[in-house]
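> Fold the stuff below for me.
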Amino acid sequence: KMNKTTIQQPTFTEWHDLQVNEINRLPLHTSFFTYPFADMVYEEGGVVKSRNLSSVDKTMSQNFLSLDGIWKFKWVENADQRPTDFYLTNLDDSHWGTIPVPGNWELNGYGQPEYVNIGFAWRGHFDEQPPAVPVKDNHVGSYRRQIDIPANWDGKQVIAHFGSVTSNIYLYVNGQFAGYAEDGKVAAEFDITPFLKKGKNLIAFQTFRWCDGSWCEDQDFWRLSGVARENYLYARDAHLQLEDIRITPDLVNNYKDGVLQVAAKVKGHGTLNLILFDKDGKQVATAVGVAKNGLAQLSMKVDNPHKWTAETPYLYTLQVSLSGVTAILKVYTPSRMMAATSSGVFHRMPSFSSSSVKPRRASSASLAVMAGVPSSFFASSKAFSMAALYSSIVIMFLMSLCCLFLVTKIQFFYRRAKFFLILFR
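Take a look at the predicted model:
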C-alpha cells in the first residue's frame, strides 16, 4: 500500500535519464470513467428512473472534479532558471502570471511554435548524444492551483488524471511529491490519496519543453509544449475497481455472425454483467462472469450483426456492470471491427466490420480499445498488397523506359561529339 513514507522520491535527473520513464505512475489502461450507481439514476415524480446511456457524462458525476481552468504559471527560458521551490505550500506566487489549462505555452505568449519536418527541435544549437538534453532554450513551466476536495470523497481513492503534458510532468500535492511521467501524448494518472487533506489542497507541477523522451520525436509535426488535453481528479471505491478492459470483436461463419470477446482486469471480488444493445437500444446479447485472480474473460455471440463501413457506420452499446460500479467508454474503431459502448462499464464502439483500431489519446471519454482484427481484414490486406505489387511493376517499367531514353540520348550526343572532333581534326 502506497503512503507518504513508501513513495519513491525524485532526483530531478529523471528528465535526462533514459532509464527513468515514470515514478509512481499508475499502469496505463483503456480510457474510461467509472460511475457509482447513484450517477446512473434520477428521481422524477417520486419514481426512480435509469438515465439514458447517451445522456450520461462524466462531468455530472459526483466522483469527478475538473482541474481545467486558470492556473498560476511561471515560465523560464532555460532549464537552469527553473524555480526549484515551485511546489512549496508557503511559496509566494502572487507575482506569477496565469495560463489556461489546457493550453500550449506557445499559443499563450510563451515561446514560439516550431515545425520540424526532419530532425530534432534543438538542431543547429545542440549536438550532444542521447540521453543528453539541452539546458539552453529548454523552456520550463511551473503550475500551481488550490482546489477543494468534495466531502463525499472521504474513504475513496483519489486519482489525478492529466490527459497530455509535454514533455514530462513532476507532480506535487500539498508540498509532497506524488509522481513523475514522460510520454507526453499519453494520459498520466497518479494516486494522490495519501497527500490530500480536508479543505484546500495545493496541486503543483512542473514540465520541461524537452526531456530524454524528446529523442523519440524525430518526425514532422508542430512542436508545442505544456498541457494539451483535459485534466481532472476522480474518486473510486478503494477496494472494488474495474482497472482495465479490452474488447475484441470478430466475424465468424464466413463473416456473417459476430463474436465479442471481453477481457477485464478487476480489483476486489465482484460479478461482471454485460449487456449489448443495438443502435435502437434493443438488447441483442448478454454475458455474466466472475473475475478469477483479478481477471475475467467473457464472450458474446451476435447473429448477423450490422457490419461497419465508412458509408454505413453503426454503433452498438456494451453495458458492463461490476457489482454496481459503472463506467462509460467511447471506442473508436474503423471498419472490420466490432464497435461497442460500455453501464457497469459503458463502451461505445462501431459495429462489426473490417479495419484497424484508431485509438485516441485525447478526450477522457474516449476508449482506445485495441480490438482484434477479424480475418476479413486480412483479405483486404492481401488485396492491398497485390495492388501495391502491380503498382510497383508499373513504376519499374516506366523507370526502365526513362533509363532507356536517357541512354539513347547519351549515345546520340556522344556520336555528335565524336563527329565534330573528326571534322575539325
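
> list the contacts for the closest residue to G213 other than its chain neighbours?
Leaving aside its sequence neighbours, G213 sits nearest to E182 (CB to CB, 6 or more residues apart in numbering; 4.1 Å). Heads up, the C-betas are built off the backbone N, CA and C, glycines and all. By CB atoms under 8 Å, 6 or more residues apart in numbering, E182 lies in contact with N21, E22, S167, N168, C211, D212, G213.

> Export these to a markdown table and append columns for pLDDT.
Formatted as a markdown table, the contacts of E182 follow (pLDDT from 0 to 100):
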| residue | pLDDT |
| --- | --- |
| N21 | 92 |
| E22 | 95 |
| S167 | 94 |
| N168 | 96 |
| C211 | 94 |
| D212 | 92 |
| G213 | 90 |
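
> of all those, which comes closest to V288?
E22 (35.9 Å; CB to CB).

> distance of the nearest residue to that closest one once chain neighbours are set aside from P10?
Spatial nearest neighbour of E22, excluding adjacent residues (CB to CB, 6+ apart): A181 at 4.8 Å. Look at A181 and P10: by CB to CB, to the nearest Å, they are 11 Å apart.

> of those two, who's got more company?
A side-by-side neighbour count of A181 and P10, using other CB atoms under 10 Å, places A181 first with 25 against 16.

> doesn't N168 make contact with the more buried one?
Yes: with contacts counted by CB atoms under 8 Å, A181 reaches N168, the gap being 6.5 Å.

> for the protein, where's the lowest mean pLDDT among helices and strands?
Lowest by mean pLDDT, DSSP states H and E among the helices and strands of the chain is strand 366-367, with a mean of 26.

> quick one: contacts for the residue nearest to E22?
Counted by CB under 8 Å, 6+ apart, A181 has contacts N21, E22, I23, R25, F162, V165, N168, I169, A188, F190.

> Contacts only, for the second one.
Meaning E22. G179, Y180, A181, E182, D183, A188.

> Same question for P150.
So, once contact is read as CB under 8 Å, 6+ apart, P150 ends up touching Q62, L65, A235.

> quick one: which of those sit in strands?
The members of these that map onto strands under DSSP state E are L65, A235.

> Kindly supply the ChimeraX command isolating those of the contacts of P150 that are buried.
With 16 or more other CB atoms under 10 Å as the criterion, this ChimeraX line picks the buried residues out of the contacts of P150:
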select :65,235
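
> I'd like the contacts of P150 laid out as CSV, including distance to Y110 and pLDDT.
Below are the contacts of P150 laid out as CSV (distance: CB to CB, whole Å; pLDDT from 0 to 100):
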residue, distance to Y110, pLDDT
Q62, 36, 93
L65, 27, 97
A235, 33, 95
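
> so which of the contacts of P150 would you say is closest to V135?
V135 lies nearest to L65 out of the contacts of P150, by CB to CB, at 36.1 Å.

> So the closest one is in contact with E230, correct?
No: checked against CB under 8 Å, the pair L65 and E230 is beyond contact range at 12.0 Å.

> now the helices for the stretch 251-400 of the chain?
For the stretch 251-400 of the chain, applying DSSP state H, counting those that start in this stretch gives helices covering 375-424.

> Many thanks, I have nothing further to ask.
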